[in-house]
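Undergrad: I'd like to go over a predicted model; first the sequence, then the structure.
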Amino acid sequence: MMIIRNEATTDYEKAEAVARDAFWNLYKPGAEEHVLLKQMRTHRDYIPELTFVAEVDGEVVGAVYATRSKIVQTDGAEISTVTFGPVFVAPNLHRQGIGRAMITHAIAEAKEMGFAAVTLLGYPYHYKPYGFAGGKKYNVTAEDGKFYAGLQILPLAEAAMAGVSGYAVFSEVFEVDLADVDRVEAALPYKEKRVLPSQQEYEIACQELEE
């Protein structure tokens, strides 16, 4: 049986281990997401109320983390948004509906908390099923003024994005120091770093612009 609940301090080590396995060699040789979780939990933008783990038969097998973000409009006004990520599931349990259940739950809770929208960076095909669309639809760019395909937005209230024009700003917490990654990795069981096709695909996706 699967349970989705808020992350507890007793989940930290297991969640980090699952994240390490889930992201290892996916976007780069090795991974840094498990280290990101450590620094995220103490950051001012972290939202513990919107951070959830998926538990199957008493074991944590996935999680979705949440941070505060915003859309800065051309007139300087700001819209409070929430960003989900990292989102991950144990590699041996992919395609079993766990990720969908976590994201659906997190979206509903974010709406209940009164956030105007969810903004995130990810592959469009991952998030389109939940109602996300590219920033171009809502006239929201990245901070450099470009409409990247990976910038995905989901309004949480009727007309929440009506008349909006601006750019999305994400938390600085996502900037991970490689020295911290090396320090954490030195204390963990060895895993081989490899160069895989998914890494080049990710680099290309990060630069892809909306048509």
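TA: Sure, I can see it.
Undergrad: Next one, pLDDT for the closest residue to residue 21 other than its chain neighbours please.
TA: Among residues not flanking residue 21 along the chain, residue 91 sits closest, at 5.8 Å (CB to CB, 6 or more residues apart in numbering). Glycine gets a C-beta too; all of them are placed from N, C-alpha and C. The predicted local confidence for residue 91 comes out at a pLDDT of 97.
Undergrad: same check, this time on residue 211
TA: Looking at residue 211, its pLDDT reads 83.
Undergrad: Against residue 208, how distant is the residue nearest the centre of the chain?
TA: To find the centre residue of the chain, average its C-alpha atoms and take the closest one (CA atoms, centre = their mean): that gives residue 85, at 1.4 Å. Spatial separation of residue 85 from residue 208 under the definition CB to CB, to the nearest Å is 18 Å.
Undergrad: the helices in this protein, which residues?
TA: Assigned by DSSP state H, the helices in the chain fall at 12-23, 33-40, 98-112, 124-127, 178-186, 197-207.
Undergrad: Could you export these as CSV, including mean neighbour count, distance to residue 68 and mean pLDDT?
TA: Compiled in CSV, those are given as follows (neighbours: other CB atoms under 10 Å; distance: least, CB to CB, whole Å; pLDDT from 0 to 100):
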stretch, mean neighbour count, distance to residue 68, mean pLDDT
helix 12-23, 19, 20, 98
helix 33-40, 21, 11, 98
helix 98-112, 18, 11, 98
helix 124-127, 15, 19, 96
helix 178-186, 13, 22, 97
helix 197-207, 12, 22, 96
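Undergrad: looking at these, which is closest to residue 146?
TA: Comparing these against residue 146 with CB to CB, the closest turns out to be helix 197-207 (9.4 Å).
Undergrad: Show residues contacting that closest one.
TA: If you take CB atoms under 8 Å, 6 or more residues apart in numbering as the criterion, helix 197-207 is touched by 25, 26, 27, 28, 29, 123, 148, 149, 150.
Undergrad: now do stretch 141-153
TA: Contacts made with stretch 141-153 from outside it, assessed by CB under 8 Å, 6+ apart, are listed as 117-124, 127, 132-138, 140, 161, 166-169, 205-210.
Undergrad: Among the residues you listed, which are located in strands?
TA: 117, 118, 119, 120, 121, 133, 134, 140, 166, 167, 168, 169 (DSSP state E).
Undergrad: confidence score at the most far-flung residue of the chain relative to its centre?
TA: Going by CA atoms, centre = their mean, the residue of the chain most distant from its centre is residue 75, 27.8 Å out. With respect to pLDDT, residue 75 has a value of 94.
Undergrad: same thing with residue 1?
TA: At residue 1, the model reports a pLDDT of 89.
Undergrad: burial measure for it, as a count.
TA: Neighbour count for residue 1, taken as other CB atoms under 10 Å: 6.
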